[in-house]
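In: Show me the folded form of this:
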Amino acid sequence: MARYRVLGSTIAVGLLVLVGAVGGASAQRTAKLPSKLVGAWSRSLTAADWARVGIATEPPAHFSMLVSADGSVVMGESTDVRFTALPGNRVRIGGVYGCGKKKVLYRWSVAARKLTFTKVQDTCNYALALFGGPWTRETT
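Out: Below is the predicted model of the structure:
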């Protein structure tokens, strides 16, 4: 009988550890972005913006992005973009079209309905073009 109590306790402890690990990973994935960063933003890129980062094949374009509190970002038809908040108003950005698995790092600020990104670490020309100028907050 005692053997079964030990086995039952061992299983219960194992399940608690497993639930804690899964719950911890889930909490990490759903970390909230600062409210200033959340919302709808837009930006127009000119041929000069593309050329500045060495891309001659992209036409001028208007981009919109919807940033959710959980870090998911819808940018055009892409839903793969993801923002991860870091201390010091920094954000790690992954899933940018044309960047493959590269994750880029920017410092961000918001003032007067303008979202500005400042490169900390970025080797992807598409991300450099997209985040190299101010985004304007969309009004609803």
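In: From Ala48, how far out is the residue most central in space within the chain?
Out: The residue lying closest to the centre of the chain (C-alpha atoms, centre = their mean) is Phe83, at 1.1 Å. Distance, Phe83 to Ala48, using C-beta to C-beta, to the nearest Å: 26 Å. C-beta coordinates here come from the backbone N, C-alpha and C atoms, glycine included.
In: Tyr106: neighbour count?
Out: Neighbours of Tyr106 under the rule other C-beta atoms under 10 Å: 21.
In: Check Arg92 too.
Out: What Arg92 shows, counting by other C-beta under 10 Å, is a neighbour count of 16.
In: just Ser35 next, same as before
Out: Counted with other C-beta under 10 Å, Ser35 comes out at 9.
In: Report the secondary structure state of it.
Out: Per DSSP: H, G, I helix; E, B strand; the rest coil, the secondary structure class of Ser35 is coil.
In: Tell me the helix or strand right after the one helix or strand Val74 maps to.
Out: Assigned by DSSP states H and E, Val74 belongs to strand 73-75. Per DSSP H and E, the first helix or strand lying C-terminal to strand 73-75 is strand 82-86.
In: After that next one, which helix or strand is next?
Out: That would be, after strand 82-86 and using DSSP H and E, strand 90-94.
In: Please, where are all the strands along the protein?
Out: Using DSSP state E, the strands of the chain run over 39-45, 61-67, 73-75, 82-86, 90-94, 104-111, 114-121, 135-137.
In: Tell me who's in contact with the residue nearest to the centre of the chain.
Out: Leu33, Leu37, Val67, Gly71, Val73, Val91, Arg92, Ile93 (C-beta atoms under 8 Å, 6 or more residues apart in numbering).
In: Kindly report the domain assignment for this structure.
Out: 1-30, 39-137 (automatic domain parsing).
In: mean pLDDT for the ones you listed: which is lowest?
Out: Looking at the domains of the chain, the lowest mean pLDDT belongs to domain 1-30 (a mean of 39).
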